[in-house]
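Novice: Take this sequence and fold it.
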Amino acid sequence: MVKDVLKDVEKRVKVSMEHFRKELSKLRTGRANLSIFEDIKVDYYGTPTPINQVGTLGIPDPTLITVQPWDPSLLEVIDKAIRGADLGLNPINDGKVVKVPIPPLDQERRQEIAKVIRKMLEEEKTALRLFRRESREAIEKLEKDKAISEDDKFHGFDKIQEIIDDSTKKTEEMAAAKEKEILGR
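Specialist: Modelled structure (predicted):
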């Protein structure tokens, strides 16, 4: 009974942390990284399609991303989609390939990204607290229904707290590492 609740909270925490890690990887660091294009969709004959499904993305050097569409008629659409993604990037369309230079981050932009990281961290901590509360409520209900003993309840609470504490620590470490990478410290 308690084991089921613990498995559920571990699974939810794992999914949440993986989502947090993916979201952090999308933040621009001044180096070319294809993950910043993950959420960009292009209008492919009336259908919003991920940019990586209409062409080949590449990183020929650390400050450049290239997008070579399989259908050359999509060059303008890809250019427009990248400009409209609010990433602060200015693609160059040379008629065959869309080249996206990755400019170095200025200090003001670095500070803005650091604030975004801290906001994302707070949202993740809030989610973890929600998981803890819901799991504790599930265990309390089991005790109220006489399915488990009071000792089992407190043991379950302790295990939940361990899971949440461990996850919070890992999340803070991920955020601190990304912030250090962005700020260059």
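Novice: Point to the residue nearest the middle of this structure.
Specialist: Nearest residue to the geometric centre of the chain (Cα atoms, centre = their mean): residue 23, 1.3 Å.
Novice: Am I right that that residue is in contact with residue 117?
Specialist: No - contact status for residue 23 versus residue 117: not in contact, 9.6 Å apart, counting by Cβ atoms under 8 Å. Heads up, the C-betas are built off the backbone N, CA and C, glycines and all.
Novice: per-domain residue ranges of this protein.
Specialist: Domain segmentation of the chain under automatic domain parsing yields 2-26+106-183, 34-101.
Novice: now the helix or strand harbouring residue 155, how far from the chain's geometric center?
Specialist: For residue 155, the host element (DSSP states H and E) is helix 150-183. The chain centre lies 17 Å from the centre of helix 150-183; the measure is Cα atoms, centre = their mean, to the nearest Å.
Novice: Report the rounded mean pLDDT for that helix.
Specialist: Mean pLDDT, helix 150-183: 93.
Novice: now swap in stretch 107-119 and tell me
Specialist: On average, stretch 107-119 scores 88.
Novice: Dump that stretch to CSV, keeping only the CA atoms.
Specialist: Extracted in CSV, the C-alpha atoms of stretch 107-119 (Å, rounded to 0.1, in the frame of the first residue of the first chain):
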residue,chain,number,x,y,z
GLN,A,107,25.9,40.7,-19.6
GLU,A,108,22.4,42.0,-19.5
ARG,A,109,21.0,39.0,-21.5
ARG,A,110,23.0,36.7,-19.2
GLN,A,111,21.3,38.2,-16.1
GLU,A,112,17.9,37.8,-17.7
ILE,A,113,18.6,34.1,-18.4
ALA,A,114,19.8,33.7,-14.8
LYS,A,115,16.5,35.1,-13.6
VAL,A,116,14.6,32.7,-15.9
ILE,A,117,16.6,29.8,-14.4
ARG,A,118,15.7,30.9,-10.9
LYS,A,119,12.0,31.2,-11.8
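Novice: which residues sit against that stretch?
Specialist: When contacts are defined by Cβ atoms under 8 Å, 6 or more residues apart in numbering, stretch 107-119 is touched by residues 24, 27, 28, 88, 105, 175, 178, 179, 182, 183, 184.
Novice: wait, what's in contact with the second one?
Specialist: Residues near residue 27 by Cβ under 8 Å, 6+ apart: 36, 113, 116, 117, 178, 182.
Novice: Show me which residues of the helix holding residue 155 are buried.
Specialist: 153, 156-157, 159-160, 163-164, 167-168, 171, 174-175, 178-179, 181-182 (16 or more other Cβ atoms under 10 Å).
Novice: ok, the residue nearest to the centre of the chain to residue 126 distance?
Specialist: Distance, residue 23 to residue 126, using Cβ to Cβ, to the nearest Å: 14 Å.
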